[in-house]
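**Student:** one predicted model, sequence on top.
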Number of protein chains: 2
Amino acid sequence: MKNVEFPDPTIERLCCYRRILSALLAAGHARVYSHELAAAQRVTPAQVRRDVMLIGYSGSPVKGYDIAGLLDRIGEILDPPGGVGVVLVGVGYLGRALLAYFAGRKSPIPVVAAFDVAPETSGQLIHGCHCYHIDELSSFLSRRSILVGIVAVPAEAAQKTARELIDGGVRALLNFAPVQLDVPQNVYVENVDIAVSLEKTAFFAQSMSLEKED
Amino acid sequence: MKNVEFPDPTIERLCCYRRILSALLAAGHARVYSHELAAAQRVTPAQVRRDVMLIGYSGSPVKGYDIAGLLDRIGEILDPPGGVGVVLVGVGYLGRALLAYFAGRKSPIPVVAAFDVAPETSGQLIHGCHCYHIDELSSFLSRRSILVGIVAVPAEAAQKTARELIDGGVRALLNFAPVQLDVPQNVYVENVDIAVSLEKTAFFAQSMSLEKED
DNA sequence: AGATGTGAAATTCTTCACAGCG
DNA sequence: CGCTGTGAAGAATTTCACATCT
């Protein structure tokens, strides 16, 4: 119940810190200062320190933060104890792009199965992920513990897909369909709305070009 | 200069309102109340009224907001006067998915050209969009007025791509690569980080399942 | 009665600024 | 010194609550 202890923006930044810390570690560094971590993102050093404080980690004023230790602590926060199972529904262009994306990087969160209405995708192995017909979704979910569902189906099918995933026990949805999903309040929905992102970008392109400079 | 008059979250909601209003209009409705528009999103009626107030529109207490009028006003805010040109760089899985996505819907913001390093994509027409070799990007940008660039290349190539787009006059980037782009301060960057979104979703899946319910 | 428009309060998030430490 | 940890201030957003109109 106290997992509301971390504000949403902090969680997002933790994901980003982790990426940077991993890269630093791989590059042979052992320690970082808050200002270095801040510079790699678009955040202030104070923000970094506050986030680190929130997750109950601490560094040393003389040497900064221990990268490996901080990574571990972030992992403790972000990574579910038993791992979350993730399934993808919708193996169209976007679904395939997502599979390629997650297969490419040694993702900490692998997609364990994909589902689609198209009969020809059934049985295929796409970017290392097994594909099944959507009719098999329910029974699959009942057999495996899956906490996250990715909705990459057309808008018209999104609500129905969400319903099936939730009925199957999924607790959170990553939704790429341009509709507001109607879900119970105990289900989290993260919307990735590409059309909105593009419109927003276009708006700011316009307003940026009106500014004097900088 | 005074386009900083609209806060970022409001712009995002305006995009969503527009989508819903269009659907309502298409369904034959002429007017909406703030609580109806609010219910379609996950926002409060007060939020809707505040947003509408910010863009200088007003409805009538007795009939609510005129859908067509509100749509026009939102369009005046969001849509650049001369239209923004948009180019896509990176025609891999994700790039193709984006082209399909924007081709499918009668998008208000069409992608006018796509670029990739792979020679075999050059000259192709993918989902209605002409593809060129990346080497042609600069000269293309110098010939057309393009304000927005979509970065859908691998992480390693993202910074270089951003640089070329910006040198070509682009004022805003929609970045799908999992890196923080280093850009001048007069260039807006909207990051869509799918890996972060998934990690965040996984985190909340975990914390949701710990809550009592609702 | 039920909706809008809007000051003012509340909340959430970010930044400041400085004590304290090695 | 320069950096961390953090209370306190500040900014940005959201929500409340109510006057007002029809």
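**Tutor:** Received, thanks.
**Student:** alpha carbons only for contacts and neighbour counts from here, please
**Tutor:** Fine.
**Student:** need the CA coordinates for the lengthiest helix in chain A. PDB is fine.
**Tutor:** For chain A, the helix with the greatest residue count under DSSP state H is helix A:8-26. Only the C-alpha atoms of helix A:8-26 are listed here, as PDB (Å, rounded to 0.1, in the frame of the first residue of the first chain):
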ATOM      1  CA  ASP A   8       5.300   9.200 -11.000                       C
ATOM      2  CA  PRO A   9       8.000  11.600 -12.300                       C
ATOM      3  CA  THR A  10      10.600  10.100 -10.000                       C
ATOM      4  CA  ILE A  11       9.900   6.600 -11.300                       C
ATOM      5  CA  GLU A  12      10.400   7.900 -14.800                       C
ATOM      6  CA  ARG A  13      13.700   9.500 -13.900                       C
ATOM      7  CA  LEU A  14      14.800   6.400 -12.100                       C
ATOM      8  CA  CYS A  15      14.400   4.400 -15.400                       C
ATOM      9  CA  CYS A  16      16.600   7.000 -17.100                       C
ATOM     10  CA  TYR A  17      19.200   7.100 -14.400                       C
ATOM     11  CA  ARG A  18      19.500   3.300 -14.600                       C
ATOM     12  CA  ARG A  19      20.200   3.500 -18.300                       C
ATOM     13  CA  ILE A  20      22.900   6.000 -17.800                       C
ATOM     14  CA  LEU A  21      24.400   4.300 -14.800                       C
ATOM     15  CA  SER A  22      24.600   1.100 -16.800                       C
ATOM     16  CA  ALA A  23      26.400   2.800 -19.600                       C
ATOM     17  CA  LEU A  24      28.800   4.400 -17.200                       C
ATOM     18  CA  LEU A  25      29.500   1.100 -15.500                       C
ATOM     19  CA  ALA A  26      30.000  -0.600 -18.800                       C
END
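**Student:** please enumerate residues in contact with the helix or strand just after that helix?
**Tutor:** Downstream of helix A:8-26, the first helix or strand assigned by DSSP states H and E is strand A:31-32. Residues outside strand A:31-32 that contact it (C-alpha atoms under 8 Å, 6 or more residues apart in numbering or on different chains): A:63, A:64, A:65, A:66, A:67.
**Student:** quick one: buried ones out of the residues you listed?
**Tutor:** When neighbours are counted using 16 or more other C-alpha atoms under 10 Å in any protein chain shown, the contacts of strand A:31-32 contain these buried positions: A:64, A:65, A:66, A:67.
**Student:** quick one: contacts for residue A:77?
**Tutor:** residue A:55.
**Student:** quick check: pLDDT value at the residue nearest the centre of chain A.
**Tutor:** Centroid-nearest residue in chain A, with C-alpha atoms, centre = their mean: residue A:174, separated by 7.7 Å. Residue A:174 carries a pLDDT value of 98.
**Student:** does it count as helix, strand or coil?
**Tutor:** strand (DSSP: H, G, I helix; E, B strand; the rest coil).
**Student:** who does it bridge with?
**Tutor:** residue A:150, residue A:190 (DSSP bridges).
**Student:** what does residue A:66 give?
**Tutor:** Counting by DSSP bridges, residue A:66 is bridged to residue A:31.
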